[in-house]
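In: generate coordinates for the sequence data below:
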Amino acid sequence: MAQLAEKFRANNGLYQVIRKDKDVHIIYDKLSQITGYAFYQPAVIDDKWIKKSISRPSL
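Out: Here you go, the predicted structure:
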């Protein structure tokens with residue numbers, strides 16, 4: 001647990017909120033270096049991994 005707390009302090013948090021609005025939430029996990037996407041409505045995003053529009057809610 002102490003190691004996790006140290007990583008939290010060193011990384012200024014365990015995750016970074018990239019986008020959070022009524023259409024989509026995009027979260028970057030600093031420990032695993034994975035980006036998670038949750039689409040609540042049709043949306044268009046353009047980042048380094050996804051460059052397209054989503055027409056249905058999805059995770």
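In: who's in contact with I26?
Out: V17, I18, R19, K20, T35, G36, Y37, A38, I45, D47 (CB atoms under 8 Å, 6 or more residues apart in numbering). Heads up, the C-betas are built off the backbone N, CA and C, glycines and all.
In: helix or strand: which one has the first one?
Out: Translated: V17. Assessed by DSSP states H and E, V17 sits inside strand 15-20.
In: state the mean pLDDT of that strand.
Out: For strand 15-20, the mean pLDDT works out to 90.
In: specify the angle between the helix or strand following that strand and strand 15-20 in degrees.
Out: Heading C-terminal from strand 15-20, the first helix or strand you meet, by DSSP H and E, is strand 24-29. For strand 24-29 against strand 15-20, the angle between stretch directions is 160 degrees (axes from the mean of the first three to the mean of the last three CA atoms, to 10 degrees).
In: now L14, what are its backbone angles?
Out: Here the main-chain torsion angles of L14 (degrees, to the nearest 10) amount to phi -90, psi -20.
In: identify the residues contacting the closest residue to A38 other than its chain neighbours.
Out: In space, and not counting its chain neighbours, A38 is closest to H25: 4.6 Å by CB to CB, 6 or more residues apart in numbering. By CB under 8 Å, 6+ apart, the residues touching H25 are V17, R19, Y37, A38, Y40.
In: any buried residues in the strand holding V17, and which?
Out: Y15 (16 or more other CB atoms under 10 Å).
In: may I have the strands that pair with that strand, each with its orientation?
Out: Using DSSP bridges, strand 15-20 pairs in its sheet with strand 24-29 (antiparallel).
In: just to check, Y40 is in contact with K22?
Out: Yes. Contact criterion CB atoms under 8 Å: Y40 and K22 qualify, at 6.6 Å.
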